[in-house]
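Chemist: A predicted structure for the sequence below; I have some questions about it.
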Amino acid sequence: MKLLQRFMRFFFHLLYHPLAFTYDLVAWAVSFGRWKDWVFGILPFIEGTRILELGHGPGHLQRLLLSRGWVAFGLDESTQMGRIAKRRLGESSRLTRGLAQSLPYPNEMFDCVVSTFPSEYIFDPRTLSEVRRVLRSRGRLVVLPAAFPKNLFLQWLYKVTGESPSNVEEFVQQRLRQPFAAANFRAEVKTIEVKSSTLMFVVAEKEEKQDVKEIT
């Protein structure tokens, strides 16, 4: 497992840095041409007007957010991705190179923070602490961690695990909610169907201290 994890990290490093120019092609291939549909599936969960995207990549979601009138900001660690996105967006972009674990924004600046297909940094307690800091009261964090071919993946998963659909889905949802709940977010896992695919979202609301006391 560790060998596979190291390989995947190396692969994504190449994809996001020296091979960033191939990102759209690779994403299109692995999603059978549905990548943009998957990414744009996050739109119904966005609230407010000031939106921060973590890991903006080549800038497709940024362009859509701007075209719909949102005040969109984007952050990415990759210099190469930043260049690609800026060429796509032009002077209208508000893109910054940086790390999600140390966001270069003031407190309570955003109504919503979004991230589509992020790597493991999104579950880092430092990332979630920073997201809480830059979100306004009752602000929302929306993450799209995974997408699956409809039915086929789930059927395979049920067969491999030997569990019922309800047991497997509850296990996956619980594992996804845990890091966000630990960071004082009220998190829900939601699924939607998009062109023969199942998208799984984590929708997490920033809890205030009084909310936490009431729950405990």
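Modeler: Sure, I can see it. Numbering: from 1, shown residues only.
Chemist: can you map out the strands along the protein?
Modeler: 50-54, 71-76, 95-97, 110-116, 135-149, 185-194, 197-206 (DSSP state E).
Chemist: apart from its chain neighbours, what residue comes closest to Leu66?
Modeler: Leaving aside its chain neighbours, Leu66 sits nearest to Ala72 (5.3 Å; criterion: C-beta to C-beta, 6 or more residues apart in numbering). C-beta here means a position set from N, CA and C on the backbone, and glycine is covered the same way.
Chemist: hmm, Glu53 and that neighbour touching each other?
Modeler: Yes - counting by C-beta atoms under 8 Å, Ala72 touches Glu53, with 6.7 Å between them.
Chemist: got any residues that touch both of those two?
Modeler: Gln62, Leu65 (C-beta atoms under 8 Å, 6 or more residues apart in numbering).
Chemist: so these two - more neighbours on which side?
Modeler: Ala72 (26 against 23; other C-beta atoms under 10 Å).
Chemist: about what we covered before: so what's the residue nearest to Leu66 bridging to?
Modeler: Ile51 (DSSP bridges).
Chemist: list the contacts of it.
Modeler: Ile51, Leu52, Glu53, Gln62, Leu65, Leu66, Arg94.
Chemist: and the pLDDT at it?
Modeler: pLDDT recorded at Ala72 is 97.
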